[in-house]
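>>> Sharing a model that was predicted from the sequence below.
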Amino acid sequence: MHSQNTVEIIPFSSDLKDHIKTLNVAWLEKYFKVEEKDKLTLSNPQEEIIDKGGMIFYARYNNEILGTATLLKVDDSTFELSKMAVSDNAQGLGIGTKLLEHCFNVAKENNIKTLILYSNTILLPAIHLYRKFGFIEIPLESGIYERADIKMEKKIS
């Protein structure tokens, strides 16, 4: 039995469908804007992420869902770390770190060789966290997300 005040990482389930949208929209509206592509993906996570071979995780603390992260399938050996959002009232619980650790463990278990991500350099704490986890900057192709100005990659051994 987990104690109430530990952060648990749990998998996506249909009854938790709305959280990925709520958390990400709040985050996007704070820093950027919600693009059409975001609306489609976040409104249909089962069809747009899970059914295409991706995975969604939630961070639960005191029975509240306070964070989320997604692994989107690019191909059999490459997944994109995406849709990572942590609720404003959950800062300082280390949820971002726990979500990232979980994504790495899942990647290893599933023989995923490379994780990529797109971000923006104004998000200094996030970029710092990614670097700490061994992500390195690689060339960014254009037209993926309007808000992205950096692409990073991490090889999973």
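Thanks, I have the structure now.
>>> Which parts of the chain are strands?
8-11, 55-61, 64-75, 78-86, 114-119, 136-138, 150-155 (DSSP state E).
>>> Now the longest one: buried residues?
Spelled out, that is strand 64-75. I65, L66, G67, T68, A69, T70, L71, L72 (16 or more other CB atoms under 10 Å). Where C-beta positions appear, they are placed from N, C-alpha and C, glycine not excepted.
>>> export these to TSV and tack on pLDDT and distance to Q46?
Below are the buried residues of strand 64-75 laid out as TSV (pLDDT from 0 to 100; distance: CB to CB, whole Å):
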residue	pLDDT	distance to Q46
I65	97	16
L66	97	21
G67	97	19
T68	98	14
A69	98	17
T70	98	12
L71	98	15
L72	97	14
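>>> Same list (the residues you listed) but as a markdown table, adding distance to G143.
Putting the buried residues of strand 64-75 into a markdown table (distance: CB to CB, whole Å) gives the following:
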| residue | distance to G143 |
| --- | --- |
| I65 | 32 |
| L66 | 32 |
| G67 | 28 |
| T68 | 25 |
| A69 | 23 |
| T70 | 20 |
| L71 | 22 |
| L72 | 16 |
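>>> Quick check: the two most widely separated of the residues you listed?
Farthest-apart pair in the buried residues of strand 64-75 is L66 and L72; separation 21.4 Å (CB to CB).
>>> What's the local residue count around the residue nearest to D38 when sequence neighbours are not counted?
Of all residues not flanking D38 in the chain, L28 sits nearest, at 6.3 Å (CB to CB, 6 or more residues apart in numbering). Number of residues near L28 (other CB atoms under 10 Å) recorded here: 18.
>>> what is the closest residue to L140 other than its chain neighbours paired to in the beta sheet?
Closest residue to L140 apart from its sequence neighbours, by CB to CB, 6+ apart: K151 at 4.1 Å. K151 has these beta-bridge partners by DSSP bridges: Y118, I138.
>>> do you know how far K151 is from E35?
Distance of K151 to E35, given as CB to CB, to the nearest Å: 17 Å.
>>> For these two, indicate the residue with more neighbours.
K151 (17 against 13).
>>> I138 versus that one, what's the distance?
In terms of CB to CB, K151 sits 5 Å off from I138.
>>> tell me, what's touching the two both at once?
Listed as contacting both K151 and I138 by CB atoms under 8 Å, 6 or more residues apart in numbering are I116.
>>> Using CSV, please lay out the strands of the chain together with distance to L40.
What follows is those, written out as CSV (distance: least, CB to CB, whole Å):
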stretch, distance to L40
strand 8-11, 22
strand 55-61, 15
strand 64-75, 13
strand 78-86, 12
strand 114-119, 17
strand 136-138, 26
strand 150-155, 22
